[in-house]
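>>> coords please:
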Amino acid sequence: MKEGDLVKLATGGPLIKVTRIDDDYVMCSWMNNSGNHMSGSFPKHMLVLVSEN
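Residues are numbered from 1 along each chain as shown. Sure, this is the predicted structure:
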């Protein structure tokens, strides 16, 4: 997993883009259903790689 990769939460949800990795946490950004830009930080073990950049 690296910056630019597409991931999703292991529990499901939208595709999210990796923007930065800090140790065991991954900063991500995505657009919600209303078209608003969202961002958040998730532990690596909660994410599944969907597509490499």
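>>> wait, isn't L15 in contact with M31?
No: in this structure L15 lies outside contact range of M31 using C-beta atoms under 8 Å: 9.7 Å. All C-beta atoms are positioned from the backbone trio N, CA, C, and that covers glycine.
>>> Does C28 touch P14 like I think?
No: in this structure C28 lies outside contact range of P14 using C-beta under 8 Å: 10.1 Å.
>>> Distance-wise, check the closest residue to G4 other than its chain neighbours relative to S34.
Closest residue to G4 apart from its sequence neighbours, by C-beta to C-beta, 6 or more residues apart in numbering: N53 at 3.2 Å. Here the criterion is C-beta to C-beta, to the nearest Å. By it, N53 lies 26 Å from S34.
>>> Looking at the two, which one has more neighbours?
Set N53 next to S34 and count neighbours by other C-beta atoms under 10 Å: N53 wins out with 9 against 6.
>>> I21 pairs with what?
V26 (DSSP bridges).
>>> re the thing from before, tell me who's in contact with the residue nearest to G4.
Applying C-beta atoms under 8 Å, 6 or more residues apart in numbering, one finds that N53 lies in contact with 2-6.
>>> one more time with 10 Å, if that's ok
Shown in contact with N53 (C-beta atoms under 10 Å, 6 or more residues apart in numbering): 2-6, 17-18.
>>> go on, I21?
Applying C-beta under 10 Å, 6+ apart, the residues near I21 are 1-3, 5, 27-28, 44.
>>> now these as TSV including secondary structure?
As requested, the contacts of I21 are exported to TSV (DSSP: H, G, I helix; E, B strand; the rest coil):
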residue	secondary structure
M1	coil
K2	coil
E3	coil
D5	coil
M27	strand
C28	strand
K44	helix
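>>> Out of the residues you listed, who's the most crowded?
C28 (23 neighbours).
>>> Next up, phi/psi of the closest residue to it other than its chain neighbours, please.
Excluding its sequence neighbours, the residue lying closest to C28 (C-beta to C-beta, 6+ apart) is I16, at 4.2 Å. Dihedral angles of I16 (phi, psi; degrees, to the nearest 10) stand at phi -130, psi 150.
>>> Do you know the pLDDT at I16?
Note on I16: pLDDT of 97.
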